[in-house]
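Visitor: Just a sequence and a predicted model for now, questions to come.
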Amino acid sequence: MGHAFIIDPNTYYAFENEAALIEKCKEWGLLSEKATKTKDFFYKGNGKNMACSIIGYVDNMSAVIQFDNKQLHCIHPSYLKEMQASTYGQRLSAAAEKPVEPEVVVLETLQEEAPPIEVAKIKEAKVEEPPKGKAKKEKAPKPQLPEEKVKMTATVKEFTTVPNHFSDDDDEVVIYEAVSILEPETEIGTAWSSHSNTIKKLELEIGDKITFEGKIVAKKLTKHPVPYKINNPGKIQKEES
């Protein structure tokens with residue numbers, strides 16, 4: 001018997017192998033940056049607690065999971081991440097007893113940060129619509145991020161660390177400013193990447209301007225107002241001052 005809540009993807013990109021799955025899960029925050037293998041995931045929405053497998057994605061913010069009955073379901077990665085917490089069911093019960101205002105905040109956050117699949121998340125969470133007529137600040141349009149690796153330029157802004165909940169050690173990261181895609185010419189602004197051994201060998205300093213190839217995705221840096229992440233930057237060249 002099929003699940004009634006299913007949102008079946010018309011088309012999606014299936015992961016070619018476990019390495020591709022692990023890389024995508026790292027982008028979504030479902031696995032730590034140091035993870036070398038995947039783990040078991042569970043779907044806890046609609047009063048259920050079922051094992052599921054992540055088999056692909058519709059876009060960067062729409063994961064495709066599969067249940068034991070082979071049914072496919074689209075879900076926002078951050079929603080799936082919330083479901084992995086042992087206290088997830090308790091939080092939903094507590095939220096049901098609270099007044100409408102906190103739920104409105106949840107809804108507005110989903111609408112601002114998620115693509116079309118957040119509609120499914122809103123239905124599953126059963127939150128109410130915000131009052132009509134409420135004024136919202138206009139935001140600058142977000143840049144269209146390419147799916148593949150592209151050539152970019154950036155300036156090193158800061159070296160810092162962020163907490164890693166899966167490890168006792170913090171993760172080292174690099175924050176960049178004036179990030180731009182060369183073709184098609186697109187201004188990104190600020191972005192970050194892991195401070196990998198490859199980058200450390202370059203002995204970069206704050207203010208250094210670099211060109212490189214990499215894939216850029218929408219992933220915020222913990223405790224920093226940096227909205228984009230650069231995955232696996234390569235062919236890095238430091239411009240001479």
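Guide: That came through, no problem. Numbering: from 1, shown residues only.
Visitor: pLDDT score for the spatially most central residue of the chain?
Guide: Nearest to the geometric centre of the chain sits W28, at 3.6 Å (Cα atoms, centre = their mean). Listed pLDDT for W28 reads 92.
Visitor: ditto for S78
Guide: Reported pLDDT for S78: 91.
Visitor: Lowest mean pLDDT among the helices and strands of this structure, which one is it?
Guide: For the chain, the helix or strand with the lowest mean confidence is helix 100-113, at a mean of 41 (criterion: mean pLDDT, DSSP states H and E).
Visitor: OK, contacts around P163?
Guide: By Cβ atoms under 8 Å, 6 or more residues apart in numbering, the residues touching P163 are 170-171, 222-223. For glycine as for every other residue, the C-beta is placed from the backbone atoms N, C-alpha and C.
Visitor: backbone phi and psi for it, please?
Guide: The phi and psi values for P163, taken as degrees, to the nearest 10, are phi -60, psi 140.
Visitor: after the longest strand that the chain contains, next one along is what?
Guide: Looking across the chain with DSSP state E, the single longest strand is strand 150-162. For strand 150-162, the succeeding helix or strand toward the C-terminus, using DSSP states H and E, is strand 171-181.
Visitor: quick one, that following strand and strand 150-162 angle?
Guide: Inter-element angle recorded for strand 171-181 and strand 150-162: 150 degrees (by axes from the mean of the first three to the mean of the last three Cα atoms, to 10 degrees).
Visitor: Which other helices and strands does strand 171-181 contact?
Guide: strand 150-162, strand 186-194, strand 209-218, strand 228-238 (3 or more Cβ pairs under 8 Å, 6 or more residues apart in numbering; DSSP states H and E).
Visitor: That one pairs with which strands, and in what direction?
Guide: Strand 171-181 has the following sheet partners, assigned by DSSP bridges: strand 150-162 (antiparallel), strand 186-194 (antiparallel).
Visitor: Next one: N69 from M50, what distance?
Guide: Here N69 is placed at a distance of 9 Å from M50 (Cβ to Cβ, to the nearest Å).
Visitor: So the two - more neighbours on which side?
Guide: Of the pair N69 and M50, M50 is the one with more neighbours under other Cβ atoms under 10 Å, namely 15 against 10.
Visitor: gap between the more buried one and M61?
Guide: From M50 to M61 the distance is 22 Å (Cβ to Cβ).
Visitor: repeat for V217
Guide: 9 Å.
Visitor: Ok, A218 next?
Guide: The value you get for A218 to M61, if Cβ to Cβ is used, is 7 Å.
Visitor: swap in V156?
Guide: 28 Å.
Visitor: Just say helix, strand or coil for C25.
Guide: helix (DSSP: H, G, I helix; E, B strand; the rest coil).
Visitor: if I read this right, it contacts E33, doesn't it?
Guide: No: using Cβ atoms under 8 Å, C25 makes no contact with E33, being 10.7 Å away.
Visitor: Neighbour count: those two, which is higher?
Guide: C25 (22 against 15).
Visitor: who's in contact with the more buried one?
Guide: C25 touches 31, 35, 38, 54, counting by Cβ under 8 Å, 6+ apart.
Visitor: give me the low-pLDDT residue ranges for the protein?
Guide: Applying pLDDT under 70 to the chain picks out residues 1, 89-140, 241.
Visitor: tell me the domain boundaries of it?
Guide: The chain resolves into domains spanning 13-99, 150-238 when parsed by automatic domain parsing.
Visitor: Would you mind giving the ones you listed as a markdown table with distance to Q144 added?
Guide: Formatted as a markdown table, those follow (distance: least, Cβ to Cβ, whole Å):
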| stretch | distance to Q144 |
| --- | --- |
| domain 13-99 | 11 |
| domain 150-238 | 7 |
